[in-house]
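Chemist: prediction below, plus the sequence it came from.
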Amino acid sequence: MLDPSKFSGIQWAIVPFIIFLRYFIMAGAAFFIFYVWKRRDWIYRKIQEQFPRSADYRREITYSAITSFIFGFSVWLCIGTPFREYTQYYSDIHAYSLTWFWISIGLTVIIHDTYFYWAHRFMHLPVIYRKVHLTHHRSVNPSPWAAFAFHPLEALVEAGIIPILFLVMPLHPYAFLGFVFIMLLFNVYGHLGYELFPKSSYRNPLGKWINSGVYHNLHHERFTGNYGLYFTIWDKICGTLRTDSAEKVEIIHNRIQSNK
């Protein structure tokens, strides 16, 4: 089994490129399907009916590349330096049960959702927003390429979840990779710019707690509210779920229904 804790310096130097490649493949696949191949066929599902400019795509990819390198640095810090001795990283999958392996992936998502919500609220403090978070919000009409398009200082804050996860619970590298996949998938989906959920999911006992692309797109369009990543739990607890979210969902699904 591959043990990242035994990586050489050259192997660690490749990690940021792997992170960027994973982003590029997932965001690129979403971009090709929704913005090229099915652009005309699925336009009625586009949340904001116009499309971003080419310059927006280039900016988003550039900042996402920088973010990938910062995330790679955070992973190296946790596993490839003496700091690892203070973490609960483990490489022998039999050191803990397989049940814990799967539970740990779910916990990473729950912990990250809480971390992301409050970090996001922090980024919207006026001075932080103007100097840092505005870089991400230049994507008023985001594309999948905006998934990692953060100012370097914001990328450092976002990458802060990595040492936290390794510090607070036993975490196998494959479980961590599972978390990274889910995180990137939700980021690409949240910035996709298309509605994929059925209307019934917003009333489903489970689905109503899942964050949707419509909610996050509305955050980019209106700049405030809807701060969550995976779930709407913190937005509902703190009263930051935008009151026009349901109206936006209704408008989009009326359009979808009329095109069936």
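Modeler: The structure has been received and is ready for your questions. Numbering: from 1, shown residues only.
Chemist: so after the host helix or strand of W102, what's the next helix or strand?
Modeler: Assigned by DSSP states H and E, W102 belongs to helix 98-123. Counting by DSSP H and E, the next helix or strand C-terminal to helix 98-123 is helix 126-128.
Chemist: ok now that next one, how far from the chain's centre?
Modeler: Put simply, helix 126-128 sits 22 Å off its chain's centre (C-alpha atoms, centre = their mean, to the nearest Å).
Chemist: and it, average pLDDT?
Modeler: For helix 126-128, the mean pLDDT works out to 97.
Chemist: in the helix holding W102, what's buried?
Modeler: 100-101, 104-105, 107-109, 111-117, 119-120, 123 (16 or more other C-beta atoms under 10 Å). In this view, the C-beta of every residue, glycine as well, is placed from N, C-alpha and C.
Chemist: which residues in this structure form strands?
Modeler: In the chain, no segments count as strands under DSSP state E.
Chemist: quick one: low-confidence ranges for it?
Modeler: 1-3, 5, 7-10, 12 (pLDDT under 70).
Chemist: could you rerun that using 80?
Modeler: 1-13, 260 (pLDDT under 80).
Chemist: centroid-nearest residue for it?
Modeler: Central residue of the chain (C-alpha atoms, centre = their mean): N187, 2.8 Å from the mean position.
Chemist: surely that one meets A149?
Modeler: No - here N187 does not reach A149: they are 9.7 Å apart, not a contact under C-beta atoms under 8 Å.
Chemist: what's around the spatially closest residue to R255 that is not a sequence neighbour, how many residues?
Modeler: Spatial nearest neighbour of R255, excluding adjacent residues (C-beta to C-beta, 6 or more residues apart in numbering): Y44 at 5.5 Å. The criterion is other C-beta atoms under 10 Å. On that basis, Y44 has 16 neighbouring residues.
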